[in-house]
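# with the sequence up front, the predicted model follows.
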Amino acid sequence: MRVSIRKASVTDIEALYEIERECFTFEALTKEQLISLLHDADSFTLLAQVNDEIAGFIIGKTYKTKDQLVGHVITIDVASKHRRKGVGRKLLKALEEIFMENGVEVCCLEVREDNISALNLYRKEGYEAVGKLEGYYERAHGILLKKQLKTP
Ligand SMILES: CC(C)(COP(=O)(O)OP(=O)(O)OC[C@H]1O[C@@H](n2cnc3c(N)ncnc32)[C@H](O)[C@@H]1OP(=O)(O)O)[C@@H](O)C(=O)NCCC(=O)NCCS
């Protein structure tokens, strides 16, 4: 199995939107939100291809706080038939690389407290829970996770 990662463009929108709807029932991004993120200069959308088929994607955005540049993982989506093949891990690592190339020191994200697959992935990749987000999702609480990418 060959997994390759590349930057996404607006021409990939139909595939991205289909995977987004497959992955999220209540919290799916709209097509307009995805397009806006694809055009946003501070956002990075990477997609994974498995044998030339789009299998998943990740979107991250950077923002400045008072003293550092933070990378925020907005979403990570892998189509059901391509899960448990290492695609999610590859996407996350590729986004972290891009964040670091852009001077990001800390990466953060939110996850539903009942999303075991995502929680396992993030923990294995070195993310730590730093807070509970009460009522963050429509039907669940969230957890805020953080990972230090570079020693400041
Ligand atoms: C979470 C998600 C991105 C993982 O993608 P994936 O390509 O299947 O993940 P990987 O194959 O790279 O797995 C990496 C690790 O994640 C964990 N993991 C992934 N799927 C899991 C599952 N179903 N059950 C338990 N752990 C799981 C494992 O620790 C795995 O490591 P291992 O294979 O060495 O055991 C995928 O399940 C998905 O798209 N889910 C729906 C969307 C979503 O919930 N996104 C996260 C929002 S915060």
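Yes, it's here.

# sheet partners, orientation included, of the lengthiest strand in the chain?
Ranked by residue count and defined by DSSP state E, the top strand of the chain is strand 53-64. Note on strand 53-64: by DSSP bridges, its sheet partners are strand 43-50 (antiparallel), strand 69-78 (antiparallel).

# for the chain, what lies in contact range of the ligand?
23, 76-78, 83-89, 111, 115-118, 120-121, 124 (Cβ under 6 Å from any ligand atom). All C-beta spots, glycine's among them, are computed from the backbone N, C-alpha and C.

# show me what the longest helix seen in the chain is packed up against.
Ranked by residue count and defined by DSSP state H, the top helix of the chain is helix 87-101. If you count contacts as 3 or more Cβ pairs under 8 Å, 6 or more residues apart in numbering; DSSP states H and E, helix 87-101 packs onto strand 3-7, strand 43-50, strand 53-64, strand 69-78, helix 116-124.

# find the nearest non-adjacent residue to the residue of the chain at minimum distance from the ligand, please.
Residue nearest to the ligand within the chain: Gly88 (2.5 Å; Cβ to the nearest ligand atom). Once flanking residues are discounted, Gly88 sits nearest to Val78: 5.0 Å by Cβ to Cβ, 6 or more residues apart in numbering.

# before we move on, back to that, quick check: buried residues in the longest strand of the chain?
Neighbour-count burial for strand 53-64 flags Ile54, Ala55, Gly56, Phe57, Ile58, Ile59, Gly60, Lys61, Thr62 (criterion: 16 or more other Cβ atoms under 10 Å).
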